[in-house]
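Student: I'd like to go over a predicted model; first the sequence, then the structure.
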Amino acid sequence: MTDAQALVKTLDFQLDIQSNNESLLYDATFEARSVYNETIRLAKQGVEWDDIPDRVADGADLVKNTTQRVVAKALGAMENYYEYDDFGQPSHTTDGAYPLRANFTEGYNLSLTDDGDVGFRISAKPYKHVKGILEGDDAHLDILKTALESDEWKIGTAEALFHNENAELHVNVTDTEQTVRDK
């Protein structure tokens, strides 16, 4: 017998930032890299994994929820390293931006505008938000609009990042009525 799981999709959007603070989002992705690197460094030093989130959050200049999501991603990379022999050990010295990970309504929010667009608000830093309109594929926008209005879909974690110097938001949505087979 095959187990089934909920249908999860990742929807990719470009950010039309209208709050004139794109640099805030850019800076936050570098702070996210710092959080990731510090998490890996502490894990390599043998710090108890349960203690790492609070230690890293105390020094991070990100919204606490976002910091927790980045720490979880880093610890997941370390777990993969220990679990799979052929998986490379994560580095704690990598430079560059790292995606901001956030939970819906905690680190980012989406809403329908009067014009029928999807507006976003990303908490890039504590009490500092980046706002604007999502742009992208019509099919992805239609799914997201349905998710915002329907109980059939659940909006989950998203990542704000820069791809080829363009700000993007990748949103995970789950269709609670549809299932797919496990691999």
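Tutor: Structure received.

Student: contacting residues around the helix or strand bottoming out on mean pLDDT in the chain?
Tutor: Least confident helix or strand of the chain, by mean pLDDT, DSSP states H and E, is strand 166-181 with a mean of 86. Strand 166-181 is contacted from outside by 2-15, 17, 22, 25-26, 99, 108, 110, 120, 122, 134, 143-144, 147, 151-162, using CB atoms under 8 Å, 6 or more residues apart in numbering. All C-beta atoms are positioned from the backbone trio N, CA, C, and that covers glycine.

Student: rerun that using 6 Å as the cut-off
Tutor: In this structure, residues lying in contact with strand 166-181 by CB atoms under 6 Å, 6 or more residues apart in numbering are 2, 4, 6-15, 25, 147, 152-161.

Student: and residue 33, that one's in a strand?
Tutor: No - going by DSSP: H, G, I helix; E, B strand; the rest coil, the assignment for residue 33 is helix, not a strand.

Student: chain neighbours aside, what residue packs nearest to it?
Tutor: Leaving aside its sequence neighbours, residue 33 sits nearest to residue 98 (CB to CB, 6 or more residues apart in numbering; 3.9 Å).

Student: that neighbour: what secondary structure?
Tutor: coil.

Student: what of residue 115?
Tutor: Looking at residue 115 with three-state DSSP, the answer is coil.

Student: cool, and residue 61?
Tutor: State at residue 61, reduced to three classes by three-state DSSP: coil.

Student: next: residue 109.
Tutor: Under three-state DSSP, the three-state class of residue 109 is strand.

Student: look up the residues forming beta bridges with it.
Tutor: Beta bridges link residue 109 to residue 121, judged by DSSP bridges.

Student: count of neighbours near it?
Tutor: Using other CB atoms under 10 Å, residue 109 has 16 neighbouring residues.
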